[in-house]
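> Give me a 3D structure for the following:
(2 chains)
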Amino acid sequence: MNILVCLKQTFGTEEKIAIQNGVIQEDGVEFVINPYDEFAVEEALRIKESIGADVTVVSVGPARAESALRTALAMGADRAVLIEENDGAFDEHSVSKILAAFARREKYDLILVGNMTVDYGGAQTGPRLAEELDIPHVTTAIKLTIQDGAVIVEKDAEGDVHTVETTLPVLITTQQGLTEPRYPTLPNIMKAKKKPIERLSLADLGLSADEIAAKTAAVDQFLPPAKKAGKKLSGELADQARELVRLLREEAKII
Amino acid sequence: MSRKTLVFAELRDGQLRNVALESLAVARSVFPDAEIHVAVFGDAAGEHLTALAQHGARTIHHARHPELVSYNPDAYVQALHQLISELQPALVVMGHTYVGKDVAPRLAAKLGVGLVSDCTSLEGSGEGVVLTKPIYAGKAFQKRTIKSSPLFVTIRPNNFPKPEPDQTQTANIVSYEPNITNIRTIVKNVVKKAAGGVDLTEARIIVSGGRGVKSAEGFAPLRELAEVLGAGVGASRGACDAGYADYSMQIGQTGKVVTPDLYIACGISGAIQHLAGMSNSKVIVAVNIDPEAPIFQVADYGIVGDLFEVVPLLTKEFKALLEQK
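Sure thing, here's the model as predicted:
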């Protein structure tokens, strides 16, 4: 089986966001594999271990994304590809066109990608990529079973669980609960340092600037207004409860 | 030639989702003079069509087909694509629900257009409308504009106000069977986890429990408080992982994202993934035995104490206050 995992390098989830002139600052930030994409890498590796597969991980991003790809190699991926692009203007349309151009170069049976990124969180890449490749998709998978070409996915639908049947080739987006990503072992981390990371440019993929030009534009980025410090009440709990209810009615005017 | 806008009205469990009505307000806001068309699929009841008309729908395209009886992404994408090709709307609006997340991006790719998803507010109108959406789990916000046509937007539930209903308004109802072929994914089974109750994404008030609730039974005082307030009951991922609450109650980045007027967090420490699901709440109250719990940094009001003592006291006080009315 030939599996493609698309991953994005994002800020660590605990990072504080600093913005200067509408630009999000990257100094001193810890970068990670987008946690949802990590589920995708792990699921690919489990399939590889159970029925055998070739696992390629690809990322569209700046040069620093290489470290995320190295982590995926250290987890056990066979091949890693960086499509280096630094254009901050690219949007979900752009990225899905680029990934589609890459995915078309080989016959992938299964494409796995996180259901959303923890940075821009548009949750668009997966379904867009499936449409570009004209293959079915299932989002927010929490369980995946592949047997004799039949694919059975349990997906999270706002708390309900849908069981979906489909066939290969298919694109699946991954949700928390699907699997627990492994920590790469030290020997595998060392081995991964020696594995090559292929680099492809947009020109290598035969893409014109026009095809991938963004269809949407960011015009500003800002932090929410600093919240007024909250009131920690004091006194006897019974009094605090009474005071809270009073404040919610009279001050917050919510009740 | 009158401009048209298209709103997708989602039904869930036989009810019209509030976000459908919020979408009507967005359509009116972006193109005030356009004719609002609504797409509704499956078994929409007369009362749903009436509600849509009274909230601004001018024409309702009620698509019925065996493949539309229950949710199917292939069928929904095809039906919407056909309708968009026919109507050529200037704007398409859907809720950023599990349906919206599944259908909108695929549809956008099929149309070759941009999509701004999970919008929480907008400024201006027309083609240059500016849409705001949360980024980095709500730690920041981004404003976006769209260069392609039709404008395509999904909105976060409970962030845009519904339009004022006009009881005298009616709509043309067009019932039809769309042409649906090539279904490649089949929903074989649906397990409904949400045991009825308030839809958290639409709730005005939510009482939520974390690991501090310590057991499934520990949710009982929270449910009592919710009952008095007419509130929904939510849970943190920690409480769900520990088996104290069903995952259908989970609020957070991987659970439901909610925007209630009042969020009462009981025994929830305030991890960033939880905040991502509720930080946009109008008023946040935190009850936690640990004065250093991060939740206090985002709470408007806080009570440091044992939730098993505090929550019943709150129930008593709210009951007294509401009985006065």
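> for the chain, what's the longest helix?
No chain in the question, so chain A it is. Of all the elements of type helix in chain A, the one with the most residues (DSSP state H) is helix A:35-51.
> That was the other one, I meant chain B.
Max-length helix for chain B by DSSP H is helix B:307-324.
> can you pull the buried residues of that one?
B:307-308, B:310-319, B:321 (16 or more other C-beta atoms under 10 Å in any protein chain shown). Placement of C-beta: from N, CA and C, glycine included.
> quick one, what contacts the residue of the stretch 51-200 of chain A found nearest chain B?
In the stretch 51-200 of chain A, the residue that lies nearest chain B is A:G159 (2.8 Å; C-beta to the nearest C-beta). Residues touching A:G159, when contacts are defined by C-beta atoms under 8 Å, 6 or more residues apart in numbering or on different chains, comprise B:K193, B:A194, B:D246, B:Y247, B:S248, B:M249, B:Q250, B:G255, B:K256.
> Which parts of the stretch 101-250 of chain A are helices?
Counting by DSSP state H, counting those that start in this stretch, the stretch 101-250 of chain A forms helices over residues A:125-133, A:186-194, A:209-212, A:237-250, given from the N-terminal end onward.
> residues in contact with the second one?
Okay, so that is helix A:186-194. Contacts made with helix A:186-194 from outside it, assessed by C-beta under 8 Å, 6+ apart, are listed as A:R70, A:T71, A:L73, A:A74, A:M75, A:G76, A:P184.
> The first one and B:S148, how far apart?
Pointing back at A:R70 there. Distance of A:R70 to B:S148, computed by C-beta to C-beta, to the nearest Å: 36 Å.
> now check stretch B:185-194, is it near chain A?
Yes: Stretch B:185-194 is in contact with chain A by C-beta under 8 Å from any C-beta of the partner chain, via B:T185, B:I186, B:V187, B:K188, B:N189, B:V190, B:V191, B:K192, B:K193, B:A194.
> I misspoke; the intended subject was stretch B:174-183.
No: under the criterion of C-beta under 8 Å from any C-beta, chain A is not reached by stretch B:174-183; the shortest gap measures 9.0 Å.
> any weak-confidence spans in the stretch 1-150 of chain A?
Low-confidence segments of the stretch 1-150 of chain A, defined by pLDDT under 70: none present.
> what about the closest residue to B:A51 other than its chain neighbours, neighbour count?
Counting by C-beta to C-beta, 6 or more residues apart in numbering or on different chains, B:L16 is the residue found nearest to B:A51 once chain neighbours are left out, at 5.8 Å. Burial of B:L16, expressed as a neighbour count using other C-beta atoms under 10 Å in any protein chain shown, amounts to 20.
> Please enumerate the strands of the stretch 151-300 of chain B.
B:151-155, B:172-176, B:186-191, B:205-209, B:232-235, B:262-266, B:283-288 (DSSP state E, counting those that start in this stretch).
> helices and strands around the second one, which ones?
For strand B:172-176, the packing partners by 3 or more C-beta pairs under 8 Å, 6 or more residues apart in numbering or on different chains; DSSP states H and E come out as strand B:59-63.
> Can you spell out which helices and strands pack onto the following helix or strand past the strand it packs on?
Moving toward the C-terminus from strand B:59-63, the first helix or strand encountered (DSSP states H and E) is helix B:73-87. Helices and strands in packing contact with helix B:73-87 are listed as strand B:4-8, strand B:35-41, strand B:59-63, helix B:98-111; criterion 3+ C-beta pairs under 8 Å, 6+ apart.
> Out of these, which gets nearest to B:S29?
Proximity to B:S29, assessed across these by C-beta to C-beta, is greatest for strand B:4-8 (10.1 Å).
> So what are the sheet partners of that closest one and their directions?
Using DSSP bridges, the neighbouring strands of strand B:4-8 in the sheet come out as strand B:35-41 (parallel), strand B:91-95 (parallel).
> what's the angle from that strand to helix B:73-87?
Taking axes from the mean of the first three to the mean of the last three C-alpha atoms, to 10 degrees, strand B:4-8 and helix B:73-87 form an angle of 170 degrees between their directions.
> how many other residues sit next to whichever residue of the stretch 201-325 of chain B sits closest to chain A?
When you check the stretch 201-325 of chain B against chain A by C-beta to the nearest C-beta, the closest residue turns out to be B:S248, at 2.8 Å. Neighbourhood size, B:S248 [other C-beta under 10 Å]: 23.
> Repeat that for B:V40.
When counting by other C-beta under 10 Å, one arrives at 24 neighbours for B:V40.
> And it, how far from B:L6?
Distance of B:V40 to B:L6, given as C-beta to C-beta: 11 Å.
> on that earlier part again, wait, which of the helices and strands packed on helix B:73-87 is closest to B:A90?
The minimum distance between B:A90 and those falls on strand B:4-8, with 6.0 Å, by C-beta to C-beta.
> follow-up on the earlier one: out of the buried residues of helix B:307-324, which touch chain A?
Contacts with chain A are made by B:V310, B:L313, B:L314, B:K316, B:E317, B:F318, B:L321 out of those, judged by C-beta under 8 Å from any C-beta.
> Take these and lay them out in CSV including distance to B:N280 and pLDDT.
As requested, these are arranged in CSV below (distance: C-beta to C-beta, whole Å; pLDDT from 0 to 100):
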residue, distance to B:N280, pLDDT
B:V310, 24, 97
B:L313, 28, 97
B:L314, 23, 97
B:K316, 29, 97
B:E317, 26, 96
B:F318, 23, 96
B:L321, 26, 93
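> now those residues as TSV including distance to A:L110?
Below are these laid out as TSV (distance: C-beta to C-beta, whole Å):
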residue	distance to A:L110
B:V310	50
B:L313	54
B:L314	50
B:K316	56
B:E317	55
B:F318	52
B:L321	56
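> Tell me which of the strands paired with strand B:4-8 sits nearest to B:K101.
So among these, strand B:91-95 is nearest, using C-beta to C-beta, at 9.4 Å.
> So what's the model's average confidence on the closest one?
Per-residue pLDDT values across strand B:91-95 average out to 98.
> what's the spacing between that strand and its chain's center?
With C-alpha atoms, centre = their mean, to the nearest Å as the basis, strand B:91-95 stands 13 Å off its chain's centre.
> In contact with whatever residue of the stretch 51-200 of chain B ends up closest to chain A, which residues are there?
Chain A sits closest to B:G114 of the stretch 51-200 of chain B, with a gap of 2.9 Å, by C-beta to the nearest C-beta. Listed by C-beta under 8 Å, 6+ apart, the contact set of B:G114 reads A:D91, A:E92, A:H93, A:A214, A:K215, A:T216, B:A108, B:I146, B:K147, B:S148, B:F152.
> Write a ChimeraX command that selects only the buried members of those.
A single ChimeraX command selects the buried members of the contacts of B:G114 (16+ other C-beta under 10 Å):
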select /A:91,92,93,214,215,216 /B:108,146,148,152
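> ok, the contacts of B:G114 vs A:L110, which is closest?
Of all the contacts of B:G114, A:L110 sits closest to A:E92, with 21.4 Å by C-beta to C-beta.
> Is the closest one in contact with B:V113, as I believe?
No: with contact defined as C-beta atoms under 8 Å, A:E92 does not reach B:V113; the gap is 10.9 Å.
> Helices along the stretch 151-300 of chain B, start to end?
According to DSSP H, counting those that start in this stretch, the helices that the stretch 151-300 of chain B contains are B:220-229, B:237-241, B:272-278, B:295-298.
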